[in-house]
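[1] Build me a model from this:
(one chain, ligands or ions: 2)
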Amino acid sequence: ELKYIPKDIEQKWQRCWEEAASFAVTEDQDKKKYYLLEMFPYPSGRIHMGHVRNYSIGDVVGRFKKMRGFNVLHPMGWDAFGMPAENAAIQNKSHPAKWTHENIDYMRGQLKKMGLSYDWGRELATCDVAYYRWEQKIFLEMLAKGLAYKKTSFVNWCPKCETVLANEQVEDGACWRCDSEVKQKELDQWFFRITDYAEELLEWTFKLPGWPERVLTMQRNWIGKSIGCEIDFPLEGRSESVKVFTTRQDTVFGATFMSLAPEHPLAQQLTTPDRKAEVDAFIEKVKKTDRIKRTADDFEKEGVFTGSYCINPLTKARMPVYLANFVLTDYGTGAVMAVPTHDQRDFEFARKYSLPLQVVIQPEGESLDTASMQAAFTEVGTLVNSGRFDGLKSDAAKEAIADYLEQEGIGKKTVNFRLRDWGISRQRYWGNPIPVIYCENCGVVPVPEQDLPVRLPMDVEFSGEGGSPLAKLDSFVNCTCPTCGKAARRETDTMDTFVESSWYFMRYCCPDFQDGPLDRKRVDYWMSVDQYIGGIEHAVLHLLYARFFTKVLRDLGYVSCDEPFTNLLTQGMVIKDGAKMSKSKGNVVDPNALIERYGADTARLFSLFAAPPEKDLDWSDQGVDGSFRFINRVWKLVHDRLDLVKNAAAPDLATLTAEERTLRRAVHKTIKKVTEDIEERFHFNTAIASIMELLNTLQPADLQTPQYGAVMKEALETTVLLLAPFVPHVSEELWQRLGNTTPLSRTAWPEYDRDAVVDEEVLVVVQVNGKLRTRITVSAETSMEELEKCALANEKVLPFLEGKQVRKVICVPGKLINIVVA
Ligand code: ANZ
Ligand code: ZN
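    Residues are numbered from 1 along each chain as shown. Ligands and ions are numbered 1, 2, ... in the order given. Coordinates of the predicted model:
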């Protein structure tokens, strides 16, 4: 049949790939492996255009690498635990498991309709016990190594979701999911000691050239390494001292007061009776402000005097001790030596409370004066008013003062990280149960390995009120202590869902492994992921946790690699009418409707052609239409020439005519361009554009030469091969109609012929006023304008143009150029 009917051919080839298990892979030691991965979706209900784009990008890479001879692992699965399932359960009175699995089934069907080259045999869902049981084992091993621990802490609490949020899940003081205002709450929580890996996580950000610099910078800032000193400031009239952390020990002579976090353990003790009421009121007030606000630059700096003093260990000056709202309790030592002349926050604070200022760093060629200062001078400079350190530059002074403090026993060099341990406790049902038991005799008792998994019970009630449904389920909570046999209580917190996404990519390597979380041999064959593709919104959270987990699992002996993702591509958003596609904006295009109307190939082609992967993709109906028309043009071209090429052999290169050579050159130049665009740059849009250009060359071609059929056959087959990663269904179909019996999915990518892409050169005679002046060699395809430029700039020609005016240039392409001057 002659009409292009996407539905028919797409179903046909999807069935064919499925039946032949075309994309199933094993650990073939003879082949070079390539592990390609797109971030797995949350089964929210339906695929959206962001998914279509993400997976289309990945599929080009996967199919291309396979055609290039790689053993490509390209798996897909479901990030299936999480709050929306629970919220839906409350709303629809259905079970989160049911909701989740129905969504998975539906979305799997949608993905299959896109013709993506997944090894579906490796599919996993993190909410299945077959997956989360192994995560419990990993948790227990981390617990045994002290990498998982419990502590009481203030946590970000979302009153609406009734759960703890990681700092990363708080955006501008609001919950990242529901946008409610986040509160502070004190709770007993489980933590992963990611800070143990802070240094290594940071170091490796300098050894990941395949990651976008932007993401690496965000990770570095998040880890936030600060090199400085801890310095002891003795308290007046007391034996103890206050320890501060500073990165600017070169300014210690300018420290005129002390600022403590309101939560600092000494805060109450240092408060004199006359100050108590004011201090208590202040502490209460700060408790109510969230941490994000407290650290914002434009947040009003406020404080209260405790009534106590400490002594600057170098100047011996008396320094009033304040509590200040911008000093955080969990950074450094929770105490700051305030240097109002050189720190802006301290400056504002000092002005507000009339505290003394002393300049100790002088900028080049300037003289700061405390009376007229409008802001702190925060750069480096030369030390003044700093005793024996006067005249040193800041950098040298940092060293010298740190050494001096160490010598005198009043300080030591330290490194501080902004990174905090990862709080993983969630008071939620639909997550992985933390496998521990609380016993009055024995305390915290890990669930013994032979008792794993701790299954998530199915018989829960969802009222939507107050805390975790698990805690209300006696049959789950009540248990016996594995150590002493007494009645005990089971942990009812579940793990943050970021735990599941921290190692799923390794489980894909051995999804059916029954003897542990990971089968080291298989995991080592596939890891690291060669190309990871996903959204920039995961720049810190998921990508940092996944890196941490990889290192933990390495140290637990499960895997050899240090880093999970060699190359990372963060794709842009899909936008429509200038805004991100979202339900709230009402500008959503449903992939179902798109595929129904145009077919998956058009949906894929459009999302690949409209923008390079990292850039935002602007939705356009005309663009979709254009993609569909292009496929139709290819379809028609191939069918129009079927008779011509049917019985053609491969071209005999030695006897090609010039016209045939020109046609063939266009074909091989396109192979070169498309190959480089995909392989080196992921510039799929320009790759597709050059295939379109080739089509423009092929369509009008109509040679009467002997090998025209042979050359056209090569041209059409090449076009189809080059299109295969982008529009695989129609490519397979045309490939077959061109008489090939091996499907494209098992065909090699074309290599370009080096001889064919070299432009033919011609010798052009250059005359001035009809007299031969020189000959130049140029490509046969050089345009008249270019040829003219070359001739006019030629050094043999220039002397004859001097002082004359060019009247006319006569050009006979490929032969002669005559410059007429007067
Ligand atoms: C004295 C000083 C003088 C400072 C100066 C800066 C400039 P980073 O780079 O982020 O590590 N600081 C220390 N602990 C703090 C806390 N718990 N809450 C709020 N601020 C704290 O910043 C280190 C600087 O932040 C430290 O250096 C300290 O102020 C402040 F001209 O000490 B500095
Ligand atoms: Zn016990």
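[2] how about the residues of the stretch 201-350 of the chain near ligand 1?
    By the rule CB under 6 Å from any ligand atom, the part of the stretch 201-350 of the chain lying against ligand 1 is 226, 245-248, 251, 261, 326-328, 331-332, 334, 336-337, 339, 342-343. (Glycine included, C-beta is placed from N, CA and C.)
[3] Buried ones from those, can you make that a ChimeraX selection?
    This is the ChimeraX syntax for the buried subset of these, where burial follows 16 or more other CB atoms under 10 Å:
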select :245,246,248,251,261,326,327,331,332,334,336,337,339,342,343
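[4] Give me the residue at the spatial middle of this structure.
    Geometric centre of the chain, nearest residue: Ala539, 4.1 Å, by CA atoms, centre = their mean.
[5] Contact partners for that residue?
    Listed by CB atoms under 8 Å, 6 or more residues apart in numbering, the contact partners of Ala539 are Arg214, Val215, Met218, Gln219, Thr570.
[6] Please repeat the previous calculation with a cut-off of 6 Å.
    Val215, Met218 (CB atoms under 6 Å, 6 or more residues apart in numbering).
[7] so how many other residues sit close to the residue of the stretch 701-822 of the chain found nearest ligand 1?
    Proximity of the stretch 701-822 of the chain to ligand 1 (CB to the nearest ligand atom) peaks at Pro725, 46.2 Å away. Applying other CB atoms under 10 Å, we find 27 residues neighbouring Pro725.
[8] got it, and Lys669?
    19.
[9] Equivalent analysis for Gln407, please.
    Considering only other CB under 10 Å, Gln407 is surrounded by 9 other residues.
[10] near ligand 2, which residues of the stretch 451-600 of the chain?
    Cys481, Thr483, Cys484 (CB under 5 Å from the ion).
[11] from what I can see the last one touches Asn441, true?
    Yes: in terms of CB atoms under 6 Å, Cys484 counts as a neighbour of Asn441; the distance is 5.0 Å.
[12] low-confidence ranges in this protein?
    1, 168, 290-292, 463-467 (pLDDT under 70).
[13] How about the backbone phi and psi for Ala24?
    Backbone torsions for Ala24, taken as degrees, to the nearest 10, come to phi -80, psi 140.
[14] residues touching it, list them.
    Asp119, Gly121.
[15] how near is it to Met76?
    13 Å (CB to CB, to the nearest Å).
[16] ok, now Asn103?
    For Asn103, the distance to Met76 - CB to CB - is 14 Å.
[17] tell me the secondary structure for the residue of the stretch 701-822 of the chain closest to ligand 1?
    coil (DSSP: H, G, I helix; E, B strand; the rest coil).
[18] How about the one 4 residues further on?
    Classification of His729 into helix, strand or coil gives helix, according to three-state DSSP.
[19] Can we start the residue count at 32 from this point?
    With 32 as the first residue, the last one maps to His760.
[20] domain ranges for the chain?
    Here the domain parsing of the chain from automatic domain parsing is 62-157+226-254+529-650, 167-224+452-526, 256-448, 652-788, 792-852.
[21] pretty sure Met368 is in a helix, no?
    No: counting by three-state DSSP, Met368 is not part of a helix but strand.
[22] burial measure for the spatially closest residue to it that is not a sequence neighbour, as a count.
    Excluding the flanking residues, the one nearest Met368 by CB to CB, 6 or more residues apart in numbering is Ala286, at 4.0 Å. Ala286 has 31 neighbours, counted by other CB under 10 Å.
[23] For Ala286, list the residues it contacts.
    Asn343, Met368, Val370.
[24] Output those residues as a markdown table; include the columns distance to Thr523.
    Listed next are the contacts of Ala286 as a markdown table, based on distance: CB to CB, whole Å:
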| residue | distance to Thr523 |
| --- | --- |
| Asn343 | 50 |
| Met368 | 44 |
| Val370 | 48 |
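[25] Kindly indicate which of those lies nearest ligand 1.
    Distances from ligand 1 to the contacts of Ala286, taken by CB to the nearest ligand atom, are shortest for Val370, at 3.8 Å.
[26] Against ligand 2, how distant is the closest one?
    Distance, Val370 to ligand 2, using CB to the ion, to the nearest Å: 53 Å.
[27] And that residue, how close does it get to Gly412?
    From Val370 to Gly412 the distance is 13 Å (CB to CB).
[28] How many residues are close by the residue nearest to Pro265 when sequence neighbours are not counted?
    Of all residues not flanking Pro265 in the chain, Ser272 sits nearest, at 4.5 Å (CB to CB, 6+ apart). A count of neighbours around Ser272, defined by other CB under 10 Å, yields 16.
[29] Tell me the residues of this protein that contact ligand 2?
    Cys470, Asn472, Cys473, Cys512, Thr514, Cys515.
[30] Would you mind checking the residues you listed for buried ones?
    Here, 16+ other CB under 10 Å leaves Cys470, Cys512 buried among the residues of the chain next to ligand 2.
[31] Quick check: the farthest pair among the residues of the chain next to ligand 2?
    Pairwise distances among the residues of the chain next to ligand 2 were taken by CB to CB; the largest, 7.7 Å, belongs to Asn472 and Thr514.
[32] Go ahead and name everything in contact with stretch 810-829.
    Asp790, Glu791, Glu792, Val793, Val797, Arg804, Thr805, Val840, Cys842, Ile848.
[33] what's the closest of these to Leu67?
    Minimum distance to Leu67 across the contacts of stretch 810-829 is 35.7 Å, recorded for Asp790 (CB to CB).
[34] Tell me, how many residues neighbour Gln300?
    Neighbour tally, Gln300, other CB under 10 Å: 12.
[35] hang on, it in a helix?
    Yes: assessed by three-state DSSP, Gln300 belongs to a helix.
[36] so who does it touch?
    So Gln300 contacts nothing (CB under 6 Å, 6+ apart).
[37] quick one: contacts for Cys206?
    Cys189, Val213.
[38] how near is it to ligand 2?
    37 Å.
[39] Please apply the same query to Pro595.
    38 Å.
[40] Pull the number of nearby residues for that residue.
    Pro595 has 26 neighbours, counted by other CB under 10 Å.
[41] isn't it right up against Phe580?
    No: Pro595 is beyond contact range of Phe580, at 7.8 Å (criterion: CB under 6 Å).
[42] what sits in contact with each of those two?
    Counting by CB under 6 Å, 6+ apart, nothing touches both Pro595 and Phe580.
[43] Next one: the closest residue to Pro394 other than its chain neighbours relative to ligand 1, how far apart?
    Among residues not flanking Pro394 along the chain, Gly412 sits closest, at 4.7 Å (CB to CB, 6+ apart). Distance of Gly412 to ligand 1, computed by CB to the nearest ligand atom, to the nearest Å: 11 Å.
[44] now swap in Lys383 and tell me
    Per CB to the nearest ligand atom, Lys383 is found 17 Å from ligand 1.
[45] Look at Thr808 and tell me its secondary structure.
    Thr808 is classified as strand under three-state DSSP.
[46] now swap in Leu218 and tell me
    Per three-state DSSP, Leu218 ends up strand.
[47] Verify the stated contact: it with Trp188.
    No: at 7.7 Å, Leu218 does not count as touching Trp188 under the criterion of CB under 6 Å.
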